[in-house]
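>>> Build me a structure from this.
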Amino acid sequence: MHKLLLNFTLAAGALSLLCSGAHAQSGALSKAVGGYSFDEAAKESPATKNFHSNDGKLTFAIVTHTAGNGFFDPTYVGAKVAADAFGINLVMLGSEAPVDDIPREIQILNQIINDPTIDGVIMTTPQSGAYDDIVKKLTEKGIPIATTNSYDPKLLDRSSISHTGQDASAAAIGGEALAACLLKNNVKGGSIIFPNTTTLGNVEVNNRITAAFQATVKALNAAGRLKDFKIDAGQNNIGIDVDSNNIVGSITSLIESRKDVVGAFTANGFTTPALGDAITQLKKNGEICAFGFDLGPKQQEQIRTGALTGSLGQQPFLQGFWPVMQLYLQIDRGVSAANLDTRAQLVTKENVDKVGKRFEN
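Numbering: from 1, shown residues only. The predicted structure is shown next:
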């Protein structure tokens, strides 16, 4: 009898729980407090597809300052994913050079300003002050803008333009990792260098060098080891200028000339593979604490071989995906200037095989 009563009690409890769960589901929302239905509110505005060009479709252009070295490939992929999801025609453009070519990017931007089919523009802004005229002309035409990757804090109408990218200060993660590598390997002393193509005028990259340099100095000083190293980030701590026309050779020569290089940091997808190539040529794989920026296929392979100790990924897929979404939201919903920080991801031999599987890094 007691057993029967216990079974009945358990069954009743289970039924009570089921009823409670069903009752909880009855709180589902069918309409907003304002009285409208969510289904109706989620629909695209009938006017969206005829925005600006009035041709029945949205067309966005994305323009970068170097489409020739592979870094921006995931950016274009991300932009295409977002564009396809919302039925947007995407025009992918960029400087064909493997190194920063800002004049070419500006030339392309000036061409698309006069294209009557363009409804929105996504662009990188690596040279501060170089894009104000373009912003002014696009704004006058009523074409919304979103910037990505490199950030110009002084850009005309900056506060009303969204930006997707990684703040240069994130490079400090690389500087900290460099110092940690030296300390972990019990390196007694030597030179730490920060090669950079400073003459190309990429303010974002220059700022990364400064952030990494300061972080390395701070970490070594905190460990009481700063006096043991010669740290050179060039004039104004924005990098030691190397030859962009002979990038591997000039970094190789720089390392050879110092004779005691134990650490190095580079700050973009152009100089980082060159650093790895220079170390490989000098047969110093695994001997130099070498860190860089960006995670193209070459950098990933160099991490595997020990030519690079690690590199920072800034998740460029998001740098294409979100600006397309932002422009669409601005046109369809009136949502503007919603920035996205893609942050930094330190990749070393321990986790290199986990990244890049779906073009995201």
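>>> So which residues of the chain form helices?
Here the chain has its helices, by DSSP state H, at 2-25, 38-41, 73-85, 102-112, 132-140, 172-184, 203-222, 247-258, 271-281, 297-305, 316-333.
>>> Tell me which of those helices lies nearest to S191.
Closest approach to S191 among those (C-beta to C-beta): helix 247-258, 4.5 Å. Every C-beta, even on glycine, is put in place using the N, C-alpha and C of the backbone.
>>> Return the list of helices and strands in contact with that closest one.
strand 190-193, strand 195-196, helix 271-281 (3 or more C-beta pairs under 8 Å, 6 or more residues apart in numbering; DSSP states H and E).
>>> re the thing from before, may I see the helices of the chain organised as TSV, with mean pLDDT and distance to N351 added?
Converted to TSV, these look like this (pLDDT from 0 to 100; distance: least, C-beta to C-beta, whole Å):
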stretch	mean pLDDT	distance to N351
helix 2-25	48	41
helix 38-41	93	41
helix 73-85	96	18
helix 102-112	97	33
helix 132-140	97	39
helix 172-184	98	13
helix 203-222	96	20
helix 247-258	98	26
helix 271-281	97	17
helix 297-305	94	9
helix 316-333	96	17
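>>> now these in CSV, with mean neighbour count and distance to H52?
Listed next are the helices of the chain as CSV, based on neighbours: other C-beta atoms under 10 Å; distance: least, C-beta to C-beta, whole Å:
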stretch, mean neighbour count, distance to H52
helix 2-25, 9, 44
helix 38-41, 10, 24
helix 73-85, 20, 16
helix 102-112, 18, 13
helix 132-140, 16, 11
helix 172-184, 21, 40
helix 203-222, 22, 30
helix 247-258, 18, 41
helix 271-281, 25, 39
helix 297-305, 19, 38
helix 316-333, 24, 8
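>>> I'd like the ones you listed as TSV, with distance to T64 appended.
Below are those laid out as TSV (distance: least, C-beta to C-beta, whole Å):
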stretch	distance to T64
helix 2-25	48
helix 38-41	35
helix 73-85	7
helix 102-112	7
helix 132-140	14
helix 172-184	22
helix 203-222	13
helix 247-258	19
helix 271-281	17
helix 297-305	18
helix 316-333	9
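>>> Near the residue nearest to A41 when sequence neighbours are not counted, how many other residues are there?
Distance criterion C-beta to C-beta, 6 or more residues apart in numbering; nearest residue to A41, sequence neighbours excluded, is A32 at 6.8 Å. A32 has 11 neighbours, counted by other C-beta atoms under 10 Å.
>>> What of the one 3 residues further on?
Other residues within reach of G35, judged by other C-beta under 10 Å, total 6.
>>> Can you list phi and psi of it for me?
phi 100, psi -20 (degrees, to the nearest 10).
>>> Quick one, which of the helices of the chain gets closest to V121.
Closest among the helices of the chain, using C-beta to C-beta: helix 132-140, at 5.9 Å.
>>> What is the closest one packed up against?
Contacting helix 132-140 under the criterion 3+ C-beta pairs under 8 Å, 6+ apart are the following elements: helix 102-112, strand 145-148.
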